[in-house]
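Student: Attaching a predicted model along with its sequence, questions to come.
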Amino acid sequence: MGHMGHGAPQGPQRLPGIANVIAIGSGKGGVGKTTTSVNLAIALAKLGYRVGLVDADIYGPNVPIMLGTQRQPNVVGENRIEPIQAHGVKFISIGLISPGDKPMVMRGPMLHQIIRQFLQQVEWGELDYLVVDLPPGTGDVVISLVQTVPLTGAVVVSTGSSVALQDARKALEMFHQVNVEVLGMVENMSQMRMPDGTMLDVFGAGGTEQTARQFGLPFLGSVDLDPEIRSSGDRGLPVALGGETSERAKGFYEIARNVISRAAEVSAKSDDVLEIT
Ligand SMILES: Nc1ncnc2c1ncn2[C@@H]1O[C@H](COP(=O)(O)OP(=O)(O)OP(=O)(O)O)[C@@H](O)[C@H]1O
């Protein structure tokens, strides 16, 4: 395409072969955005879809740990990167390329370059869903992302606590500003099952659903606060591997099914728009 539009500013370009690009954001850090991204990706793969996962949390790339592999990706052909496969999901992370405990210090343009490369230079092949795990907060990475590729939509993860929800509202506002449709909200660490079977409300269960309603957004589902979700993530064997019938994983499968139907809804709408113009 080099002959077309010399030096013209390039708008977001559809990635050939990739049907849906879904960003997972949170506002607040530590609410379980990466845990949600990884388990959602695995759940989608287990449901039979072709799934990729971009770890766009450039400053704290935790996806390799949660997917249980630190292998370095191969470079093939003309500077193309082969994604790593784990648990049926293709993924890429800066953690694979620059591993170790050194803090990543990066300027905006470099960050933008990395996001572009992760989308355009990786051999994703054909995918039904490309899930993008965003860094916490509002900002640079999302802008790079929307400048590079049209997104199907975003999922906002929060706990039910007022502080997390305050930041989640900022994330909603940011997606609105950059014209990304929010597919819905997810409540993580909603409730905790005690050894005697009673449920303990830790972070204000139900707060996220209420916020979603206030914003006229779908609520996609909730996930319990469960020590096994933490430890399985640390071991690189996320609970979603247990399948849809697993009690521990069922929240993630409900979210996956809701994401599938919302993505289809949004895609159908944008196809209509294309037909009109
Ligand atoms: N539902 C859950 N039950 C128990 N532990 C959880 C749950 N969700 C996440 N955790 C744990 O909480 C910690 C933070 O989760 P995670 O890394 O997914 O959050 P995050 O929002 O991506 O954080 P950040 O973007 O700030 O790095 C991790 O140790 C993770 O295993």
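Tutor: Great, that's in hand. Numbers count the residues shown, from 1 in each chain.

Student: can we go C-alpha only for contacts and neighbour counts from here?
Tutor: Will do.

Student: residues from the stretch 1-150 of the chain in reach of the ligand?
Tutor: 29-35, 60, 135-136 (Cα under 6 Å from any ligand atom).

Student: residue contacts, G60?
Tutor: Taking Cα atoms under 8 Å, 6 or more residues apart in numbering, we find G60 in contact with P135.

Student: Now do the same for it: helix, strand or coil?
Tutor: Under the three-state scheme (DSSP: H, G, I helix; E, B strand; the rest coil), G60 adopts coil.

Student: got it, and the one 5 residues further on?
Tutor: Secondary structure for I65, judged by three-state DSSP, is helix.

Student: My understanding was that it contacts R235; is that so?
Tutor: Yes: applying Cα atoms under 8 Å, one finds I65 in contact with R235, separated by 7.3 Å.

Student: quick one: which of those two has more around it?
Tutor: I65 (15 against 12; other Cα atoms under 10 Å).

Student: Mind jotting down where the helices sit in this structure?
Tutor: With DSSP state H as the criterion, the chain has helices at 33-46, 63-67, 94-97, 108-120, 140-148, 162-177, 207-214, 227-234, 250-276.

Student: Packing partners of the fifth one?
Tutor: Packing contacts for helix 140-148, counted by 3 or more Cα pairs under 8 Å, 6 or more residues apart in numbering; DSSP states H and E, involve helix 108-120.

Student: Quick one: list the elements packing against the helix it packs on.
Tutor: Counting by 3+ Cα pairs under 8 Å, 6+ apart, helix 108-120 packs on helix 140-148.

Student: what's around G160, how many residues?
Tutor: Using other Cα under 10 Å: G160 sits among 27 other residues.

Student: What of the one 3 residues further on?
Tutor: By other Cα under 10 Å, the residues close to V163 number 12.

Student: Next, the contact list for it, please.
Tutor: For V163, counting by Cα under 8 Å, 6+ apart, there are no contacting residues.

Student: shaky segments in this protein?
Tutor: Applying pLDDT under 70 to the chain flags residues 1-9, 99-106, 138, 272-277.

Student: Could you pull up the residues touching the residue in the stretch 51-200 of the chain that the ligand sits nearest to?
Tutor: Residue nearest to the ligand within the stretch 51-200 of the chain: M189 (4.2 Å; Cα to the nearest ligand atom). Shown in contact with M189 (Cα under 8 Å, 6+ apart): 31-32, 159, 202-203, 222-226.
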